[in-house]
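A.B. asks: generate a structure from the sequence data that follows.
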Amino acid sequence: MIIDDEPIACRGLEEYIAEIEFLTLINICDNAVKAYAFIHSEKVDLIFLDIEMPKVTGIEFLQSLKNPPAVILTTAYPDYALQGYDLDVIDYLVKPVSFPRFLKAATKAKDFLTGRNTDRENKTDKDHFFLKVNSKFEKIFYDEVLYVEAMQNYVAVHLQDKKLISYITISQVETGLPAHLFMRIHKSYLVSLSKIQSIEGNTLTINEQQIPISRKLKEILKDKVVDKKLFKRAK
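C.D. replies: The predicted model follows:
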């Protein structure tokens, strides 16, 4: 998918995509608002995302997404590169983009998505993951995790009996955990669904700790953990 408000840039990317066998263009949006609605109704694996757009910038759009697709930023302003990589984008293309450079970025995205899908398939029969803590890798069972908290440049993984610190991003932790067991409920918090004790307003409680819920994710969370059939009135 292409999200860019410049028609010439869109046409250039569209032509490049048509030349690459493993890419299929499913939509072009000229602003982030339209794109947001499309992404939540259709499956999108990869976005070529412009940064400078009216109303909502590409960076703001990306920050608003929970579990965003893979993203390659496209912009005429190289100064955004560092900020883009802080958001775990696949690559950063400066306009005008040459075809060899575009192909390199697209191949990187293909390798990433192929590896991520393989990891997800392999995780279905696993009950643990490894986390680098200081100089060693700690084995952590999914059932031990209460929640994960993002700090300035590291994450704190709260377990039943201790807290582990690792210098990675919360997005990296999220990618490594099964989605049916864990959910990112806030930009700074990822929780174990089975450990939730209560939900009230925009807050949930785990192990007596109150954790904020993003307003846009509250209903999604409730759909995952609350059996609504139990609360329907008998006719």
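
A.B. asks: check which element follows the worst-scoring helix or strand of the chain on mean pLDDT along the chain.
C.D. replies: Taking mean pLDDT, DSSP states H and E as the measure, the chain has helix 81-86 as its least confident helix or strand, at a mean of 50. Of the helices and strands lying after helix 81-86 in sequence (DSSP states H and E), the nearest is strand 91-94.

A.B. asks: contacts only, for the most centrally placed residue in the chain.
C.D. replies: Centroid check for the chain by CA atoms, centre = their mean gives Asn67 as the closest residue, at 2.8 Å. By CB atoms under 8 Å, 6 or more residues apart in numbering, Asn67 lies in contact with Glu174, Ala179, Arg184. (C-beta placed from N, C-alpha, C; glycine too.)

A.B. asks: find the nearest non-adjacent residue to the last one, please.
C.D. replies: So that's Arg184. Residue nearest to Arg184 in three dimensions, not counting chain neighbours: Leu190, with 4.8 Å by CB to CB, 6 or more residues apart in numbering.

A.B. asks: look at that neighbour and report its pLDDT.
C.D. replies: As predicted, Leu190 sits at a pLDDT of 94.

A.B. asks: Arg233 too?
C.D. replies: So, for Arg233, pLDDT stands at 46.

A.B. asks: same question for Asp119.
C.D. replies: Looking at Asp119, its pLDDT reads 50.

A.B. asks: do the one 5 residues further on as well
C.D. replies: Looking at Thr124, its pLDDT is 51.
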